[in-house]
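Visitor: after the sequence you'll find the predicted model.
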Amino acid sequence: MESEDGVEREFVKVVINGVDPTAIFKLGVAVAPFHYYTDGYTGTLNDFGVETGSKEFMDFLKTKNDKPLGAGPYVFQEWKDSVVTYTANDSFLLGSPKIKTLRYQEIALGAELDSTLTGTVHYSDPSASMTVINDITAGGDNYDKLSYTLVDNDGYGYIGVQGQAIPEFEVRKAIAHSLNVQLAVDNYYQELASVNYRTMTKILWAYPDNPENLYPYDATGETSKALFLEAGYKYDEANNLMTYPDGHEKAGTQVTFKFTLPSEAKDHPAGSIFIDAQAVLAKIGVKVDIETDQNLLGKLNTAYDSGVQVWAAAWGSGGVDPDMFQIWHSDPKVNQGSSSTGLYYLFENGSDEEKAMLSELNDLIMAGRSTLDTEERKAIYKRALELSTGLSVEIPTYQRKNMYVFNKEVINTDSIFTGEDVTPFQTPIEYIWNVELN
Amino acid sequence: MWKYLLKRIALALLILVGVSVLIYMLTMLMPADYIDNQTSAALQSGAMTKDDVQRLKELYGLADKSFTGIIKSYTTWLTSTLSGDLGHSFVYGKPVTDVLSEYIWISFMIAFISYILQILIGIPMGIKASVNQYSSYDYTVSVFAMMGASLPSFFLSALLMNVFAIRLGLFPLQGLTTATKIFASNAHFQIFWDKAWHLVLPISVLTLLGVGSTMKFTRTNMLEVLNSDYIRTARAKGLSEKVVTYKHAFRNTMIPLVTSLSGMLPSLFGGAMITETVFAIPGIGYMALRATQQGDIPFIMGYNMFLAILTVVGMLISDIMYMVVDPRVKLS
């Protein structure tokens, strides 16, 4: 078939049985060169490759495991001394790459900027910080040769409040009102992040315009106190002590929560939020223990069983489509996934209000994935996000930026994407085959 | 002596079995195993189900974490190890022995050169400090030795990197080769020189960290010997101070020194985990750290058993060395 540009190509038509807005992103078909993967194979071949599910061929493929080949701009050459070497694939469909040899150098985490500065590498992605930007902008000390690009991160930070460990809706809300999410921005990312009031990354087209903060921070602790009392908790003003309600297994003892961070509070964006919340809740007699657990991420799949109550983490790679099914659909009959925040538990054991919210959310999620009309979907997700954020099991905190730094004396700035052309889905060197060296 | 050796070897085997049980148990009891680490993101985002994870765990032999389950999988590991097969590393996708033999040599080179330097610098410094006890030289060297021995390696590495790589630009910051240069495959000398250049800072870190303890060790032993009666006799005979120090005193100091050096065997081959990681040097320590963080049981077992064997052999050599350097010692 000849296309408009006159190049002869073969087209594959994919027919989907039903409506699925995410279908295109799930079609991750890897194109593997026939000549390369069949070279040396003694079994039967046909025009399309080999017989589907041929064990003999799968065994043969293992011989190529060390040297994979796709249809991209570069061909893998070797991995030696922690350096991966690629050479240009001159037969690449979109043009022969301008840089003939491309290398990835393995460096220590945190050494990205210094490695670019000292010429160990020419391009890297250090964690974005105002110090780095100021150093590059001010120039001097070798910084003159560096240039940087900022881009929104595909993901967002959040504070999880485990729904099964803290089943009372009011108590979760009380915790949410004690969290000053602005601190993650002020104390950690500064101009490189903004607060987020919905459980979705702001880079998505479905993110609502200027959403209202459902949990305004109250530094006095009064809002939280009122919510605790509403849930039946008892407050002893003379001793400034909040105790569990009658009937609770810990009835009469001081209310204590465990807040978990994956690194030291001073090194984590949510660290200052936790420290502040500890002080706010102490004003109303609630004790907060802040602990550091490097294995936190691994424990989240079994958060309740692992004793995780309130924690800080971040979602990544969530921004291709606004579909909320995998994380937020809480009916175990429909979604066989798992929920770190305990949504399945709340779906079956929550209060009537929570059950109604979850049920509406489930319906909205299904409605959102059964239409391709973006305006209609946007309206659906606006409401769905009010519900998901309103459940107080995941308090979104910040939307931050990522950074790319490169040596402009080596890389031709005109040949890479800069400014607004750089998106979470298009890095500065996304079209690596067009990138030129000076 | 042969009886003694046989007894020691039998004891060593018992120790090795004990060590292997302990490491295996500890690794299996780690809160997140290899499959958990690999699948946690996919599980959270819903791309995988718990059943998928369980199936993978069964495939990797990590499903049963009960006591009997661990004993069963330990027996399997022990049987294959005794037949010479250390298994396949989960992380590196290669036989553990291949990974060990591939990455051990660079670590050995770094450790070996730094030991030679430690000996060449530390021993003369220790001798001089002991001969001039309580002098300003003694105090200065002792203070620096203590500082060197107590500095964390990552801190010293960061310090040297900042000064010599980032500010002065004298040495490379990371890695083992210059990735931005393409060497001809036959430019062996240039490739060797490039690697040597990359190793200057890591070797300096290890030397600075170790030179203090070698110096202190030499100093203490020398002082002990220098206060002996036979040294007084030697001086009374009218021997020069040089002969007293190097011929009579230092030779006797050699006994504890030589035996302590044979105890360095495991660290010669074990890799400098932190220094290699900070400098991104692909040595065995760096590889082991990555494998340990990800719960790669076959590699953790293979690597630690290798170290355990070296330790046991080192101790044995140390005992034999006692006999070699000190004729008064009889092994029985």
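Guide: Good, I have the coordinates.

Visitor: which strands and helices lie in contact with the helix or strand where residue A:134 lies?
Guide: For residue A:134, the host element (DSSP states H and E) is helix A:130-138. With contacts taken as 3 or more Cβ pairs under 8 Å, 6 or more residues apart in numbering or on different chains; DSSP states H and E, helix A:130-138 sits against strand A:146-152, strand A:398-407. For every residue, glycine as well, the C-beta is placed using N, CA and C.

Visitor: ok, then the element right after the shortest one?
Guide: So the one you mean is strand A:146-152. Strand A:146-152 is succeeded, C-terminally, by strand A:155-161 (DSSP H and E).

Visitor: against which helices or strands is the following helix or strand past that following strand packed?
Guide: Using DSSP H and E, the next helix or strand after strand A:155-161 towards the C-terminus is helix A:169-177. With contacts taken as 3+ Cβ pairs under 8 Å, 6+ apart, helix A:169-177 sits against strand A:155-161, helix A:222-230.

Visitor: what comes up buried for the helix or strand following the last one?
Guide: It stands for helix A:222-230. The helix or strand immediately downstream of helix A:222-230 is strand A:234-236, counting by DSSP H and E. Buried positions in strand A:234-236, judged by neighbour count with 16 or more other Cβ atoms under 10 Å in any protein chain shown: A:234, A:235.

Visitor: for stretch A:428-438, same thing?
Guide: Neighbour-count burial for stretch A:428-438 [16+ other Cβ under 10 Å]: A:428, A:429, A:431, A:432, A:433, A:434, A:435.

Visitor: find the centremost residue of the chain, please.
Guide: In the absence of a named chain, chain A is used. By Cα atoms, centre = their mean, the mean C-alpha position of chain A lies nearest to residue A:316, the distance being 1.0 Å.

Visitor: please go with chain B instead
Guide: Centroid check for chain B by Cα atoms, centre = their mean gives residue B:267 as the closest residue, at 2.1 Å.

Visitor: OK, contacts around that residue?
Guide: Contacts for residue B:267 (Cβ atoms under 8 Å, 6 or more residues apart in numbering or on different chains) come out as residue B:111.

Visitor: against residue B:317, how distant is it?
Guide: Taking Cβ to Cβ, to the nearest Å as the measure, residue B:267 falls 14 Å from residue B:317.

Visitor: so, low pLDDT: which residues of the stretch 301-438 of chain A?
Guide: A:318-319 (pLDDT under 70).

Visitor: the lengthiest helix in chain B packs against which elements?
Guide: The single longest helix within chain B, with elements called by DSSP state H, is helix B:188-226. Secondary-structure packing of helix B:188-226 (3+ Cβ pairs under 8 Å, 6+ apart): helix B:96-131, helix B:136-150, helix B:153-160, helix B:250-262, helix B:273-278.

Visitor: the longest one: which residues count as buried?
Guide: Within helix B:96-131, the residues that qualify as buried by neighbour count (16+ other Cβ under 10 Å) are B:96, B:99-100, B:103-104, B:106-111, B:113-115, B:117-119, B:121-123, B:125-131.

Visitor: output the contacting helices and strands for that helix.
Guide: Short answer (3+ Cβ pairs under 8 Å, 6+ apart): helix B:96-131 packs on helix B:136-150, helix B:188-226, helix B:250-262, helix B:265-270, helix B:273-278, helix B:284-293, helix B:297-325.

Visitor: find the nearest non-adjacent residue to the residue of the stretch 201-332 of chain B found nearest chain A, please.
Guide: Residue nearest to chain A within the stretch 201-332 of chain B (Cβ to the nearest Cβ): residue B:282, separated by 4.3 Å. Distance criterion Cβ to Cβ, 6 or more residues apart in numbering or on different chains; nearest residue to residue B:282, sequence neighbours excluded, is residue A:82 at 4.3 Å.

Visitor: ok, that neighbour - contacts?
Guide: Contacts of residue A:82 (Cβ under 8 Å, 6+ apart): A:105, A:106, B:175, B:176, B:280, B:281, B:282.

Visitor: now for residue B:229, how many residues are close by?
Guide: 7 (other Cβ atoms under 10 Å in any protein chain shown).

Visitor: what about it, distance to residue B:235?
Guide: 11 Å.

Visitor: go on, residue B:310?
Guide: 42 Å.

Visitor: do residue B:286 as well
Guide: Using Cβ to Cβ, residue B:286 is found at 51 Å from residue B:235.

Visitor: of the helices and strands packed on helix B:188-226, which is nearest residue A:244?
Guide: Among the helices and strands packed on helix B:188-226, the nearest to residue A:244 by Cβ to Cβ is helix B:153-160 (44.3 Å).

Visitor: show me which positions of the closest one end up buried.
Guide: Neighbour-count burial for helix B:153-160 [16+ other Cβ under 10 Å]: B:153, B:156, B:157, B:158, B:160.

Visitor: quick check, nearest of the residues you listed to residue A:423?
Guide: Distances from residue A:423 to the buried residues of helix B:153-160, taken by Cβ to Cβ, are shortest for residue B:158, at 34.6 Å.

Visitor: isn't the closest one right next to residue B:275, touching?
Guide: No - counting by Cβ atoms under 8 Å, residue B:158 sits too far from residue B:275 to count as a contact (10.9 Å).

Visitor: residue A:292 - how many residues pack around it?
Guide: 14.

Visitor: which strand residues bridge it?
Guide: residue A:261 (DSSP bridges).

Visitor: would you agree it is in contact with residue A:264?
Guide: Yes - with contact defined as Cβ under 8 Å, residue A:292 and residue A:264 form a contacting pair (5.7 Å).

Visitor: now do the contacts for residue A:389.
Guide: So residue A:389 contacts A:197, A:198, A:199, A:214, A:395, A:396 (Cβ under 8 Å, 6+ apart).

Visitor: please, which helix or strand holds the first one?
Guide: Taking DSSP H and E as the definition, one finds residue A:197 inside no helix or strand.

Visitor: distance-wise, check it relative to residue A:45.
Guide: For residue A:197, the distance to residue A:45 (Cβ to Cβ) stands at 57 Å.
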